[in-house]
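# Sequence plus the predicted model coming up.
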Amino acid sequence: MAGSKIRFSFHSRVLLLVLTMSWLLVGTFMVFQYRREKAFKEQLLDCELQMHNRRILDDISRGVSIDSIIGHIGSPLDNLRISLIDNAGNVIFDNNDSTPFPSGDHNSRPEVIEARKSGIGHSVSRYSVSDNCSYFYSAMRGDDGIVIRSAAPYTHSLQEVLKADSSILWIMIAFAIVLSLASYVASHKISLSIRRLNLFAEKAEKGERIYNDEAFPHDELGSIASHIVRLYIQRDEQHREALRQEKDKIRLKKQLTNNINHELKTPVASILVCLELLRDHPEMLSEEKKRELNDRIFANAQRLNSLLKDVAAITRMDEGEEMIEKAPVDLVELVNDVVAEERLRTSMNITVDMPQLKINGNRQLLESIFRNLIDNAISYSGGSEIVIKADNEGNFTVSDNGCGVPDEHLPHIFERFYRIDKGRSRAAGGTGLGLSIVRNAVGIHGSDISVTNDGGLQFRFRLH
């Protein structure tokens, strides 16, 4: 789209930056090395030509003719051209007979200017108009001001001599390629962690469920990214669990409120009916009927009282374990006290078989465990015996020899207000909260409770 900004990925930006720096470094080194090698070889050729220049000047100073010198000295390269230039810049000798004799002021030539200043000078690959050829020039000034200049044709062979060694260039190119590949692998690993972190951030922003099912690279960034994801997942799971628990609490509270309203209606209605009869028609009621009505009022009032106590216990346990105070409790003494009270209201035989046990717990809740289990057996089992056993590890069983319950009801008997036979349960005075209180009380003391049909009901739990 016109005017849109092209966005490169982190991987592309890092790779492009590393490649640019790598090839820039290699290119700079190649240029530097090429120039250094070329300058070095130019100096070698210039030194060799200057040696010939020095020998020629020495022979001339001894009176040897230039033609004789040229004929016997030889040359370092083929077709070497030698010229003598006087102080005025005129060429007074040139051994190249195949071209017109050079004319003009040669004092303007770079190598001649340099030779007159410092004694020697050279010039690389300058074109000669006189013979239509390029030369490498080396010039040297004599004591009398005459400049001798040796010119080697700048042919392919000479270019090969002056060309820098290319092996170092290929080595540097290979190094740059290896560095580029290494940069690609490294930037890919780094960008992999960043891409996955970016995907994680997008999902977290949208509130999507995140799973730690993609492994990060085994490096520092990958380790940090993996740690961040794990911490977020743990925090998210804790948050979801807290929300779930909060929803469960709200649901249970609503359910409890609805059930309480329902459970209150029956005893309240019964009490109201009895009171209305006693208030409006006392003359029509016999003494026996009045006693019956009073007994019914008392029984329903007791049921209301039990219901309120059980609701208070359930509510207190719902507030959380941290709200419940604990202290050292002698379980043998506690169980014997509860059993002694329960024996006063039943003809069932209650047997206790347990070693000396002490735990850190809440006495009231511990009492409610055994009291409700015994009350449940007395009210509903129809049996003749209740047995309470425990071992040295605090593993308890509370069983009766009654009729038990159908297996399909076993998974639900710990639910609040759950009744197998609603009419029979209410007639027995139960609130429907007893076994729920038992389960919560056992849970607050760090365990769970189970139940089986074994010639009656058998409850198993651990207190430690």
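Cool, the structure landed.

# show me where the chain has helices.
With DSSP state H, the ranges of helices along the chain come out as 10-61, 66-73, 110-118, 156-162, 167-206, 220-280, 287-318, 331-343, 363-380, 422-427, 434-444.

# Dump these to TSV, plus mean neighbour count.
Every residue, glycine included, has its C-beta placed from N, CA and C. Output for these, formatted as TSV (neighbours: other C-beta atoms under 10 Å):
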stretch	mean neighbour count
helix 10-61	15
helix 66-73	13
helix 110-118	17
helix 156-162	14
helix 167-206	14
helix 220-280	13
helix 287-318	15
helix 331-343	16
helix 363-380	21
helix 422-427	13
helix 434-444	22
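
# would you turn the ones you listed into CSV with distance to S134?
Formatted as CSV, these follow (distance: least, C-beta to C-beta, whole Å):
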stretch, distance to S134
helix 10-61, 14
helix 66-73, 22
helix 110-118, 14
helix 156-162, 9
helix 167-206, 24
helix 220-280, 59
helix 287-318, 103
helix 331-343, 114
helix 363-380, 110
helix 422-427, 119
helix 434-444, 102
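
# do you know which of those lies nearest D400?
The closest of the helices of the chain to D400 is helix 363-380. By C-beta to C-beta, the value is 4.1 Å.

# circling back to that earlier point, mind putting the helices of the chain in CSV, mean pLDDT and distance to V405 included?
Converted to CSV, the helices of the chain look like this (pLDDT from 0 to 100; distance: least, C-beta to C-beta, whole Å):
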stretch, mean pLDDT, distance to V405
helix 10-61, 81, 65
helix 66-73, 71, 130
helix 110-118, 91, 119
helix 156-162, 56, 108
helix 167-206, 75, 48
helix 220-280, 71, 20
helix 287-318, 75, 20
helix 331-343, 91, 21
helix 363-380, 87, 8
helix 422-427, 46, 12
helix 434-444, 83, 11
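
# Of those helices, which is nearest S399?
That would be helix 363-380 among these, by C-beta to C-beta, at 8.3 Å.

# Run the chain-centre distance for the closest one.
The chain centre lies 51 Å from the centre of helix 363-380; the measure is C-alpha atoms, centre = their mean, to the nearest Å.

# now stretch 394-410
How far stretch 394-410 lies from its chain's middle: 50 Å, per C-alpha atoms, centre = their mean.

# could you check the distance from Y135 over to S83?
Noted for Y135: a distance of 10 Å to S83, by C-beta to C-beta, to the nearest Å.

# swap that for V339, sorry
136 Å.

# just to revisit the earlier point, which residues are common contacts for Y135 and S83?
By the contact definition C-beta atoms under 8 Å, 6 or more residues apart in numbering, Y135 and S83 are jointly contacted by A151.

# Residue ranges of each domain in this structure, please.
Taking automatic domain parsing as the domain assignment, the ranges for the chain are 10-168, 209-319, 322-464.

# could you redo these as a markdown table and give each row distance to S191?
Output for the domains of the chain, formatted as a markdown table (distance: least, C-beta to C-beta, whole Å):
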| stretch | distance to S191 |
| --- | --- |
| domain 10-168 | 3 |
| domain 209-319 | 10 |
| domain 322-464 | 47 |
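
# So for S180, which of those domains sits nearest?
Judged by C-beta to C-beta, the one of those that comes nearest to S180 is domain 10-168, at 5.5 Å.

# pLDDT value on I350, please?
pLDDT recorded at I350 is 93.

# Tell me, how many residues neighbour the residue lying closest to it once chain neighbours are set aside?
In space, I350 comes closest to I386 once its chain neighbours are excluded; the distance is 4.6 Å by C-beta to C-beta, 6 or more residues apart in numbering. I386: 26 surrounding residues under other C-beta atoms under 10 Å.

# can you pull up the bridge partners for I386?
For I386, the beta-bridge partners under DSSP bridges are I350, D400.

# Touching, it and G402? I think so.
No: in this structure, I386 is not within contact of G402 by C-beta atoms under 8 Å, at 9.1 Å.

# related to what we said a few turns ago, for the helices of the chain, which one sits closest to G145?
Nearest of those to G145, taken as C-beta to C-beta: helix 110-118 at 8.0 Å.

# Now do that closest one: which elements does it pack against?
Contacting helix 110-118 under the criterion 3 or more C-beta pairs under 8 Å, 6 or more residues apart in numbering; DSSP states H and E are the following elements: strand 120-128, strand 133-141, strand 147-153.

# In CSV: those strands, plus mean neighbour count, distance to R240 and mean pLDDT.
Shown next, in CSV, are these (neighbours: other C-beta atoms under 10 Å; distance: least, C-beta to C-beta, whole Å; pLDDT from 0 to 100):
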stretch, mean neighbour count, distance to R240, mean pLDDT
strand 120-128, 17, 80, 79
strand 133-141, 23, 84, 87
strand 147-153, 25, 88, 87
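
# quick one: which of the ones you listed is nearest F298?
Closest among those, using C-beta to C-beta: strand 120-128, at 128.7 Å.

# any shared contact partners between I386 and G402?
A377.

# rewinding a little: tell me the pLDDT at the residue nearest to I350?
93.

# Pull the contacting residues for it.
348-351, 374, 377-378, 398-400.

# same thing but 7 Å
By C-beta atoms under 7 Å, 6 or more residues apart in numbering, the contact set of I386 is 348, 350, 374, 377, 400.

# Give the closest residue to the third one in space, chain neighbours not counted.
Among residues not flanking I374 along the chain, E342 sits closest, at 4.8 Å (C-beta to C-beta, 6+ apart).

# From A301, how far out is the closest residue to F370 other than its chain neighbours?
Distance criterion C-beta to C-beta, 6+ apart; nearest residue to F370, sequence neighbours excluded, is V338 at 4.7 Å. V338 sits at a distance of 24 Å from A301 (criterion: C-beta to C-beta).

# do you know how far the residue nearest to I350 is from V329?
21 Å.

# swap in L308?
25 Å.

# now swap in I168 and tell me
Distance from I168 to V329, counting by C-beta to C-beta: 89 Å.

# just K358 next, same as before
K358 is 7 Å from V329, by C-beta to C-beta.

# who has more neighbours, these two?
Neighbour comparison, K358 and V329: the larger count goes to V329, with 19 against 12 (by other C-beta under 10 Å).

# residues touching the more buried one, list them.
358-359, 361, 363, 366.

# one more time with 10 Å
Counting by C-beta atoms under 10 Å, 6 or more residues apart in numbering, V329 touches 357-363, 365-367, 445, 463.

# got it, and N336?
By C-beta under 10 Å, 6+ apart, the neighbours of N336 are 330, 352, 354, 370, 388.

# what's the closest of those to S286?
Checking the contacts of N336 against S286 by C-beta to C-beta gives F370 as the nearest, at 42.7 Å.
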